[in-house]
Structure formats: structure tokens, C-alpha cells
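>>> Requesting a structural model of the entry that follows:
(2 chains)
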Amino acid sequence: MSDFYQGGVITTLHNLGKQSLERLEAELRLYSSVRPVALVLPALYSEFEGPAMPRIVEELAKVKYIKEIVLVLDKASEKEFRNAKEFMSSISTDVKIVHNDGRRIGEIYDTIERNGLDVGQRGKGRSAWLAYGYVIARGQSDFIALHDCDIVTYSREMLARLCYPVVKPNLDYVFCKGYYSRVTDRMHGRVTRLLVTPLVRSIQQLYGEHSFLTFLDSFRYPLAGEFCMGIDMARVNRIPWDWGLEVGSLAEVFRNYSPRRVCQVDIAVTYEHKHQVLSADDPEEGLMKMAVDICKSIFRTLASEGVVFSEGFFKSLTVAYQRFAEDTIMKYEADASINGLIFDRHEEAKAVEAFTRAIGLAAKAFRENPMGAPLIPNWNRVTSAIPGILDMLKKAVDEDNK
Amino acid sequence: MEEFLQLIMEPMKDVFVKFKEFAPNLLAMLTIVLVGILFARIMKAVLLRFMKAIKLDSWSDRMGLTAVMRRGDLWAKPSEAVGSVVFWTLIIGSLMAGLSALKIHAIDSLVNQFILYLPRAFSAVLILVFGYIIAGFVGRAVLIAAVNSGYHYAKLLAEAIRLLLTVLILAMALEQLQVAPGIVVAAFSIIFGGIVLALAISFGVGGIDAARRMIEKEEERKEEKKDIEHM
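You can find the predicted model right below:
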């Protein structure tokens, strides 16, 4: 059982007392009749062949309060798309599969790009963005929940806890992010533990208090990919298409909404999904690529908030971060020790060294091009450029699903 | 034996002579068709470049014409669709010209009919394209005006007007194409007249009380005026 401490500027909803999934789902069924929820699942076809997806489908088949499920299928041929449809047919909820590699969706991307809007490169960010567009086009749901499709330990309680704070009318939250501990026989989540938190606190140490840094530091797992939000947020939030997706999305939430209407919820005791290799020597691969993208996203968000970065600042930041991260390793070593977990201090130190290099690379990229890759524009922007785009998207998905 | 051979050779000679007369025509037809295909390809390429230069696709996206194509499950780029239409029109045109080079009476009249029909088809396409844009523009203008006036059913009103205009445009295009013109005009008159009559009746019946009040008020005002003049 977790503690009940409220830290930071957002609300934290803990996992306390005796849980009752039946009660949560009964309430959600009641609320969702007037506040319908869409579930967005960004998936690769390869995930259908792994252990996670069968379990997710089995669990989702028991969920009765979701109005529609929109699965965005990436890297799939026509035959694989049909297989995925067959796979999802055991779910009684209205399921639509967006075939990202299909001819019709390809034409949707082309239409948007030829009108001067950048949809970025393929990935989770673009898939999620496209799914939001489809949910908006259908006009059947007021809320969107999203989770990954590689969660090996998935249970429908995760979804219920994720949706509850936003869907329950008198709690009045517009955005709820999941958090969990990623522990098996050891601690995982190196990028959050050893990069994001130490980096944010190092910048705070050098720059002083900043509302965005305080907001970001309030999240227990800022890189968690699970959240639930009001549909208006899907209309106004821009989305990064690279690994800066989670941090960039939080920056958009911070920009558009008061932290009082944002919460985080403990959705699982254990959470296990696929692990990325560190790839310390190649900044274009694995955790290094992720680390560089995340750092760039943080620097650019802060710059857009008026923070001025000088070369000296970045030099000091690298040193401050390294000291902070080394202290953090010691804290986690103690935590692992008392809980009887395996802790490879050398591997953790190597990760910190790699992340230090990643900060340097991100700083260099930021100095060379402060604007960076543009975010995927929000749907309000897209519909103002192409008034019929949502109808086109709806038609494309509906025809593909016939 | 000689007679028998002559019996065989005579028709063959006739066929050969006819073929000799016909061969230049056939050659002319093949040349026209081949040149036509080449010309159509060049025209398509030039047209595609031109449409790319004037950003026709983007214009079509913004005007809602692409959305109309998608509604019909057509997923080609608008410029490619126009290019294909022009390409196949030229191919059919060159085929018709080629066939007329054969100098066969039945085909000649078919070719003439086709050529005479082309301007009508072109006008119908223009009516559809500009009609759709105008209908969209008027629909949106009505929506904005109705929303600004606080009218509760603004979207319904705008959609109804857009639908009416679309029916009108379709009827005009079909009439231009001479597709069962009598039926089209009659059907359009019935539908349009029916809608206007329904609106007139509903407004008239619904407005009886309001009209009575207005007339009574007017009468009262006249009476008051008379009284004042009398005094």
C-alpha cells in the first residue's frame, strides 16, 4: 500500500484501502452514460504477436463503460490489418482500427502536409494524434483515455482508475496521468529515475523556481504513457511526434490548463512492458535517442516560457546534473537494498554517464536550432486550414473498417 | 477444276481489293490513335505540372471539393483526378477521330454526337464545381448570420439551405447533360415547389395569431389617430 502524501502542485490519487473494481466500474457505467469515454490504443502489429495484446483484449472484452475503442495500427500490411480486426472482434464495444499504412490514411496525411502542416514522422505521437482526430470526427465521446499496447501486466483496473477521476463529474479534473512503480526483481524506468527527475531538479537549482519545472516535478512518473483527458484538450493540445511526446504533452497541458484540474493516479502495483536498450554509443537509437529528445523538449518548453539558456548555463547544468544523478543512484541503492531487489550500481552509473552525454547533445542541438522540429498542430488548427478534414478522416477509417 | 479455283480466288480477290482500299484508312486511324495517346500523355503531364504550380490540390482541400471526392470514396489527389479525366477525354476524342478516319457512316454519326455532347458535359462539370462552392459559401454565411442572431436551429437552417441549393445544382447539371430532361425538371419542380409550399403553409398556419395581432394593432393605431384628429 502506498503513502498518502500530496506533493507538488497537482493532485495525487493514491492506491489506499480495500479496492473494489466492481464499485469503480459500476460508477463508471453510470457516469459514462452521460459522459462517454473513448479508448485510444496506439499499437504496432508486432505487439499482436507478443504476450501483451492477447491479455489486453481479454481484459477489454470485460469492460462495459467504454463507448468506443480506436486502435491505431502501425507497421501493418493489408493482411495484417485484417488479422488485427479479427483479433479485436471478441470485444463487444464498438472497435475501429485506423490502418496507418493504408492508402486512405496515407492520403489524409498527404492532404494535411500539402496544406503546409507538418504531421511529423510515424510513431506513437502521430498515431495518438490521428486517433484523437477520429474521435472528434465521430463526435460520440467526451473523454479520451489512452494506454500502450505492450503492457504485459495489464488489468482492466488500470483503465478504470485512469478514467475515474476525469469521468466522475464532481471531481472536475480535465487531465489524469497514470503512475506506477516499474519493479520486477529490480527497478526499471531508468530514464525517469536517473534523467528526468535529476535534470528537472538541477535546472531548478541553477535557475531557481519555475512554474513549469514545479509542475513537471509534481508527476511521480512523468514518462508514463497512460492518461485520460477531456476531448477539448485533444482539440487544443499540440503533440510532439518524437520521444519528447510525454514531456511535450505535459507542457501543453501546463500551457492550457490550471494545475488544479490536473491529477495523477496510482493505476498499478506492478507494471511491466518492453524495455529499451541503453545504446550509449549511438544517440540515434534506444534510450539515448529517447534521452536526447526528452532533454530537447524540456529546454524548448522552458525557452518558450522565457528562460534564457547560455553556454555557461549548459556547462553548469551538465555538472550539476551529474552530481544530482549520482546522489540519486545512492538513494535507489538504499531503496533496493531494503526491499531485497537486485541493484547493479555499475550499470546505473553507466546510464548516468550516457544521459550526461545526452544532455550535452541536446544542448548542442538546442543552440543550433532553438525552434527544433515543430509539434504536430492541434486539430483546431488543422480544421481551420482544411475544413473538411475530419469528415475525410472519418470516411477513410469507416471505409477501411467495412 | 479451273472453275472451282476461280470460285475460291474470286472472293479472295474481292476481299484483297476491299482491304487495299480500306488499309490507308486503317493506317490513318492507328496513326491518329497513337498520336492521340502521345498527345494525351503530354497534356496530362503538362496539366499536372500546371495544377501543382497553382496549388490546385490545396485550393480544392480548402474549398471542400476534396471532401466531396472522399465522400464518394475517391482517394486520388484532385489534380490527379482532373489529369485522368483530361487524359481519358483526349484518348476517347482521339479514338473517335481515328474511327471517323475509317469513313464508316454509322461510326461518323456516333462521332458527331459525341463531339456535340462535349460542351454540355463541360458545362455540367462547371455547374457542379462552382455550384458546390457557392452552396458551401451560402450555407456558411447563413450559419454565421443565424448564430449571430441567436437563432436556436442555426445549423439545421444552414444545412437545409445548402441541401436546397445542392438539389438545384444537381437538377441544373442533369438538365444540361440532357439526362431525361423532362423528368428532371418535373421532379425538381415538384420537390422544390413542395418544399416552398410546405414552408409557406407552416409559416402561414403558425403565423395566423401573429398576423392577427399585427393587423389588430394596426387597426387600433388607425382608430387612435382618427380620435386624435377628431379632437
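
>>> where's A:His210 relative to A:Val307, distance?
7 Å (C-beta to C-beta, to the nearest Å). Quick note: C-beta positions are derived from backbone N, CA and C, even for glycine.

>>> doesn't A:Arg122 make contact with A:Asp74?
Yes. If you go by C-beta atoms under 8 Å, A:Asp74 and A:Arg122 touch, sitting 6.2 Å apart.

>>> okay, and the common contacts of those two?
Both A:Asp74 and A:Arg122 are contacted by A:Asn100, under the criterion C-beta atoms under 8 Å, 6 or more residues apart in numbering or on different chains.

>>> For those two, indicate the residue with more neighbours.
Counted by other C-beta atoms under 10 Å in any protein chain shown, A:Asp74 and A:Arg122 do not tie: A:Asp74 has more neighbours, with 20 against 14.

>>> Now the more buried one: closest residue in space that isn't a chain neighbour?
A:Asn100 (4.6 Å; C-beta to C-beta, 6 or more residues apart in numbering or on different chains).

>>> Next up, phi/psi of the one you found, please.
The phi/psi pair for A:Asn100 (degrees, to the nearest 10) reads phi -60, psi -30.

>>> what number of residues lie near it?
Neighbour tally, A:Asn100, other C-beta under 10 Å: 23.

>>> Next one: it relative to B:Arg70, how far apart?
18 Å.

>>> Around chain A, pick out the residues from chain B.
Residues of chain B lying close to chain A (C-beta under 8 Å from any C-beta of the partner chain) are B:55, B:57-58, B:61-62, B:64, B:66-67, B:70-71, B:73, B:75, B:77.

>>> Pull the most distant pair out of these.
The most widely separated members of the residues of chain B next to chain A are B:Lys55 and B:Asp73, with 24.5 Å between them, by C-beta to C-beta.

>>> Between these two, point out the one with more neighbours.
The neighbour comparison of B:Lys55 against B:Asp73 (other C-beta under 10 Å) goes to B:Lys55, with 15 against 12.

>>> for that one, phi and psi?
phi 60, psi 50.

>>> got a list of what the nearest residue to it once chain neighbours are set aside touches?
The shortest distance from B:Lys55 to any non-neighbouring residue, by C-beta to C-beta, 6+ apart, is to A:Arg114 (7.9 Å). By C-beta under 8 Å, 6+ apart, the contact set of A:Arg114 is B:Lys55, B:Asp57, B:Ser58, B:Asp61.

>>> Quick check: which element contains the third one?
What that stands for is B:Ser58. B:Ser58 is part of helix B:56-63, with elements assigned from DSSP states H and E.

>>> neighbours around residue 70, how many?
Because you didn't say which chain, this covers chain A. Using other C-beta under 10 Å, A:Val70 is surrounded by 27 other residues.

>>> ah, no, chain B please
The number of residues packed near B:Arg70 is 23, by other C-beta under 10 Å.

>>> And the nearest residue to it once chain neighbours are set aside, which helix or strand is it part of?
Sequence neighbours aside, A:Met392 is the residue nearest to B:Arg70 in space, at 4.5 Å (criterion: C-beta to C-beta, 6+ apart). For A:Met392, the host element (DSSP H and E) is helix A:389-400.

>>> mind listing what's buried in that helix?
If you call a residue buried by 16 or more other C-beta atoms under 10 Å in any protein chain shown, then helix A:389-400 has these buried ones: A:Ile389, A:Leu390, A:Asp391, A:Met392, A:Leu393, A:Lys394, A:Lys395, A:Ala396, A:Val397, A:Asp400.

>>> for it, packing partners?
Applying 3 or more C-beta pairs under 8 Å, 6 or more residues apart in numbering or on different chains; DSSP states H and E, we find helix A:389-400 packed against strand A:94-99, helix A:103-114, helix A:124-138, helix A:379-385, helix B:65-71.

>>> deepest of those, which one?
Comparing the helices and strands packed on helix A:389-400 by mean neighbour count (mean count of other C-beta atoms under 10 Å in any protein chain shown), helix A:124-138 comes out on top with a mean of 24.

>>> contact partners of stretch B:67-81?
So stretch B:67-81 is contacted by A:103-104, A:107, A:110, A:387-389, A:391-392, A:395-396, A:399, B:48, B:51-52, B:56-57, B:60-61, B:65-66, B:84, B:132 (C-beta under 8 Å, 6+ apart).

>>> quick one: pLDDT of the residue of chain A most remote from its centre?
With C-alpha atoms, centre = their mean as the measure, chain A has its most outlying C-alpha, relative to the mean C-alpha position, at A:Gly312: 32.1 Å. Reported pLDDT at A:Gly312 in the predicted model: 94.

>>> can you check the one 5 residues further on too?
The per-residue pLDDT reported for A:Leu317 equals 96.

>>> Pull the distance from the host helix or strand of B:Ala40 to the chain's centre.
With secondary structure defined by DSSP H and E, B:Ala40 is part of helix B:2-53. Centre-to-centre, helix B:2-53 and its host chain are 34 Å apart (C-alpha atoms, centre = their mean, to the nearest Å).

>>> any idea how far whichever residue of chain B sits closest to chain A is from A:His99?
Residue nearest to chain A within chain B: B:Ala67 (2.9 Å; C-beta to the nearest C-beta). Distance of B:Ala67 to A:His99, computed by C-beta to C-beta: 20 Å.
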